[in-house]
Structures are given as C-alpha cells and as structure tokens.
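In: Curious how this folds, go ahead:
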Amino acid sequence: MNTMNNNFQFSRLLMVMRWDMFTNLKSYLNMMLGMTFALLPFFIMQLYQLSKQYQLFPDTIDLSYWGMSQYVLMIFSIAMYMMATQIFMVMKTTGQREQFLMLPASNLEKYISRFLFSTLGAAVAMITAIVVSDLVQLIFSFVLLPGHHQSVCLSIMALLWKIWTTFIESIDSAGALMLSLLIMTCGVLVHSFFILCGTLFRKHTIVVSGILFIVMIYLVIYVIESVPGTITTCLMHGDNSWIFCLLIAELLLAGFQYWLSYKVFTRMQVICNRWINL
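Out: Numbers count the residues shown, from 1 in each chain. Next up, the predicted model:
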C-alpha cells in the first residue's frame with residue numbers, strides 16, 4: 001500500500017485513531033487528570049468564597065455562579081488553544097515518530113486523526129474534567145455551603161443557552177449577525193494559528209506559540225492604529241461591507257493556516273531538526 005498518497009478511506013482513519021487511542025491512552029488519561037486537578041483548586045476556592053459571601057449577601061449566590069461559569073468557559077477556551085499546540089504530541093521522540101509515520105495509512109488520514117484528537121478529544125477531556133470538578137465541589141458544598149447546592153455545569157449550560165438565543169435573535173439584524181460571525185471566525189483563526197505552531201515547532205510548543213501569538217496581537221493592534229480609523233470606524237458604525245470583507249479574510253487565512261499545517265506534516269521525517277518538524 002502506498003502510504004504517501006493523499007487518498008482517504010474512513011476505515012483506515014478509524015484504524016489510525018484506534019491505534020492512537022490505545023498507544024497513548026496513559027498520556028491522555030494523565031492529561032485529563034492534570035486538567036481535573038488544575039480545576040479543582042479553583043472550584044474549591046470559589047466555593048469557599050461563596051460560603052463567606054452567602055452569610056452576608058445570600059441573594060447574590062446565583063450571580064456568583066453565573067460569573068464562575070464565565071471563568072470556566074474562558075479557561076476551557078484557553079485550554080482548547082493550548083491543546084491545539086499539542087497536535088503532534090505523539091511524535092516527540094524518534095521512536096514515536098517512526099511508529100506514527102510508518103502506519104499503513106495516508107498522510108491525510110494521519111493528519112485528520114491527530115486533528116480530531118487535539119480538538120474533539122481535548123474538548124471531551126476538558127468537559128470530563130469540568131464535570132468531575134463540579135461533582136467534587138457539590139460534595140464540598142454540603143460542608144461549606146449548607147442549604148444551597150448548585151451545579152457549575154448547569155450554570156454553564158444556562159449561559160451557553162443564553163448566548164445561543166442571543167445569537168438567534170441577532171439574525172434579525174444583519175449588522176449584529178455579521179459581527180457575531182466575525183467573532184466566531186476570529187476564534188477559528190486563532191485556533192488555526194495554534195494548530196500551525198503545534199505542527200511546526202517540536203519543543204516547548206505552548207510557550208513558543210503563546211509568545212508568537214502575543215507578538216502577532218501587538219502587530220495587529222499596531223496596524224489597526226496605523227490606519228487612520230478605517231477599520232475601527234467601520235466596526236463602530238456597523239459598515240456591513242467591511243465586516244463581510246474581514247469575515248472572508250479571516251476564513252481564508254484560517255483555511256490557509258490549516259492547509260499549511262498539513263503541508264508541514266507531509267514533509268516530516270523520522271530524523272528532523274531539533275526545534276522544528278522539518
């Protein structure tokens with residue numbers, strides 16, 4: 001079988017994913033446990049603060065859980081971007097690279113497998129960590145917050161539902177809809193950037209990607225400020241044509257970065273540069 005072509009077969013993709021899951025199961029479980037133990041102190045600390053607040057302002061507990069759910073969603077987003085940089089965490093050593101690259105599957109199937117693990121797999125791991133941490137905080141709430149027990153997960157679901165209903169209502173307004181889509185595509189663009197960094201860099205991918213992202217943010221801000229109010233004015237006054245152009249530009253750039261990430265992967269070798277995967 002020619003494994004260097006770009007042909008796609010769903011059965012081979014499942015084979016690669018099954019191999020990946022069982023080969024790296026210990027690493028995935030450790031990652032999920034690490035996420036859980038990272039969230040637990042935050043949950044317990046917030047619960048302790050709520051127990052003090054409940055004695056003085058009992059009517060504000062629901063608002064506090066609402067704010068806590070916002071923090072958890074922010075942590076979830078950051079974790080998803082961090083995990084995007086770990087797309088090829090299974091190829092850190094020469095032995096791991098040789099095993100993965102020699103699998104009887106095409107480059108496209110291998111790349112899709114790793115992409116799914118670093119996105120959907122990371123999302124499942126993070127959601128599991130949130131649910132476990134929420135169950136633990138519910139148990140502790142019987143001691144720290146007797147008489148008032150609330151699930152953070154339910155608060156998150158209520159917040160997501162409110163965001164969704166707000167988005168649906170914004171469909172009636174073309175400007176609000178375009179702005180909402182612009183924000184979502186911006187998230188996709190950032191994700192594609194971290195995927196590309198995770199594919200290109202071999203060591204310290206989270207740190208290097210974070211530094212490059214900060215530099216890129218400052219460059220974007222500098223460019224926006226250099227242009228005499230064109231972009232900011234159009235956004236503030238709801239110029240839909242400019243927003244649509246930015247939306248298309250973000251989608252094209254995100255698609256280019258995903259494509260470039262795949263092309264970098266197709267050129268990976270068993271023995272490569274110490275710092276980059278080329």
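In: in stretch 118-127, what counts as buried?
Out: 118-119, 121-122, 125-126 (16 or more other Cβ atoms under 10 Å). C-beta: built from backbone N, CA, C; applies to glycine.
In: hmm, I was thinking of stretch 85-102
Out: So, applying 16+ other Cβ under 10 Å, buried residues of stretch 85-102: 85-91, 96-97, 100-101.
In: Strands - which of those residues land there?
Out: If you go by DSSP state E, those have nothing in strands.
In: out of those residues, who's nearest Met15?
Out: Nearest to Met15 among the buried residues of stretch 85-102: Phe100, at 12.7 Å, using Cβ to Cβ.
In: gap between that closest one and Ser64?
Out: Using Cβ to Cβ, to the nearest Å, Phe100 is found at 46 Å from Ser64.
In: Check the offset of stretch 71-78 from the chain's centre.
Out: 9 Å (Cα atoms, centre = their mean, to the nearest Å).
In: Can I get that stretch in PDB, CA atoms only?
Out: Only the C-alpha atoms of stretch 71-78 are listed here, as PDB (Å, rounded to 0.1, in the frame of the first residue of the first chain):
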ATOM      1  CA  TYR A  71     -14.500  32.000  34.100                       C
ATOM      2  CA  VAL A  72     -14.800  28.200  33.400                       C
ATOM      3  CA  LEU A  73     -15.700  28.900  29.800                       C
ATOM      4  CA  MET A  74     -12.700  31.200  29.500                       C
ATOM      5  CA  ILE A  75     -10.400  28.500  30.900                       C
ATOM      6  CA  PHE A  76     -12.000  26.000  28.600                       C
ATOM      7  CA  SER A  77     -11.200  28.200  25.600                       C
ATOM      8  CA  ILE A  78      -7.600  28.800  26.700                       C
END
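In: For it, give me every contacting residue.
Out: The contact list for stretch 71-78 (Cβ atoms under 8 Å, 6 or more residues apart in numbering) reads 39, 42, 126, 130, 152, 156, 159-160, 187.
In: And the pLDDT for Asn2?
Out: Looking at Asn2, its pLDDT is 43.
In: related to what we said a few turns ago, now, the buried residues of stretch 85-102 that are in helices?
Out: 96-97, 100-101 (DSSP state H).
In: pretty sure Leu101 is in contact with Met268, am I right?
Out: Yes - using Cβ atoms under 8 Å, Leu101 is in contact with Met268, at 6.8 Å.
In: Next, show the common contact partners of these two.
Out: With Cβ under 8 Å, 6+ apart, Leu101 and Met268 have common neighbours Met91.
In: re the thing from before, I'd like to know which of the contacts of stretch 71-78 are buried.
Out: The neighbour-count test (16+ other Cβ under 10 Å) applied to the contacts of stretch 71-78 identifies 39, 126, 130, 152, 156, 159 as buried.
In: Work out for me the element the fifth one sits within.
Out: In this structure, Ile156 sits in helix 152-169 according to DSSP states H and E.
In: what helices or strands is the next helix or strand after that helix leaning on?
Out: Toward the C-terminus, helix 152-169 is succeeded by helix 174-200 as the next helix or strand (DSSP H and E). Packing partners of helix 174-200 (3 or more Cβ pairs under 8 Å, 6 or more residues apart in numbering; DSSP states H and E): helix 61-84, helix 205-226, helix 240-266.
In: Much appreciated, bye for now.
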